[in-house]
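**Q** output the structure for:
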Amino acid sequence: MSKDRFPFIVSEQFETPSTTDGSGNFQFIPSNNRGTVIGIIGAAVSTVGDALQTIGAIIQLNTDINADFQDQVDDFKSDQEKDKVQKQIDDLTETVKKLERMIRNNQK
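**A** Just a heads-up that it's a prediction; the model follows:
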């Protein structure tokens, strides 16, 4: 089987980059594709950077959620303590009023 054909369709005017040395041997000259390779590497690095950025954002979001939850818990505990202290103040105020009444009644 002969393999002297192109694996793709080209126009008749297309010339492959090649040279022949003096002996008539065919030498293939590869095209300069460094820019393409660098572009692919850059895209891969960019994709990895995007993934790291997403992971960092998720970690920060979890941290913010935990901090917000802890703030809500602290606020709730603080409110409960305030209510407890306010009840104690109200009880003491009532006791002072009762004592004042008792003193007034005893003085009469």
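
**Q** strands of this structure, residue ranges please.
**A** Secondary structure of the chain by DSSP state E: the strands cover 18-20, 26-28.

**Q** by mean pLDDT, show me the worst of those strands.
**A** Out of the strands of the chain, strand 18-20 stands lowest, with a mean of 56 (criterion: mean pLDDT).

**Q** okay, now the unreliable bits of this structure?
**A** The model of the chain has pLDDT under 70 over residues 1-30.

**Q** just the helices in it please.
**A** 34-107 (DSSP state H).

**Q** centroid residue for it?
**A** With distances taken as C-alpha atoms, centre = their mean, residue 57 lies nearest the centre of the chain, 1.6 Å away.

**Q** how near is that residue to residue 50?
**A** 11 Å (C-beta to C-beta, to the nearest Å). Heads up, the C-betas are built off the backbone N, CA and C, glycines and all.

**Q** then residue 56?
**A** Residue 56 is 11 Å from residue 50, by C-beta to C-beta.

**Q** repeat that for residue 87.
**A** Distance from residue 87 to residue 50, by C-beta to C-beta: 56 Å.

**Q** ditto for residue 100
**A** 74 Å.

**Q** ditto for residue 105
**A** Separation of residue 105 from residue 50 (C-beta to C-beta) stands at 82 Å.

**Q** could you do residue 84 as well?
**A** Residue 84 is 51 Å from residue 50, by C-beta to C-beta.

**Q** same thing with residue 69?
**A** Distance, residue 69 to residue 50, by C-beta to C-beta: 29 Å.

**Q** now residue 88
**A** For residue 88, the distance to residue 50 equals 57 Å [C-beta to C-beta].

**Q** okay, now residue 61: neighbour count?
**A** By the criterion of other C-beta atoms under 10 Å, residue 61 has 10 neighbours.

**Q** who's in contact with it?
**A** Listed by C-beta atoms under 8 Å, 6 or more residues apart in numbering, the contact set of residue 61 is empty.
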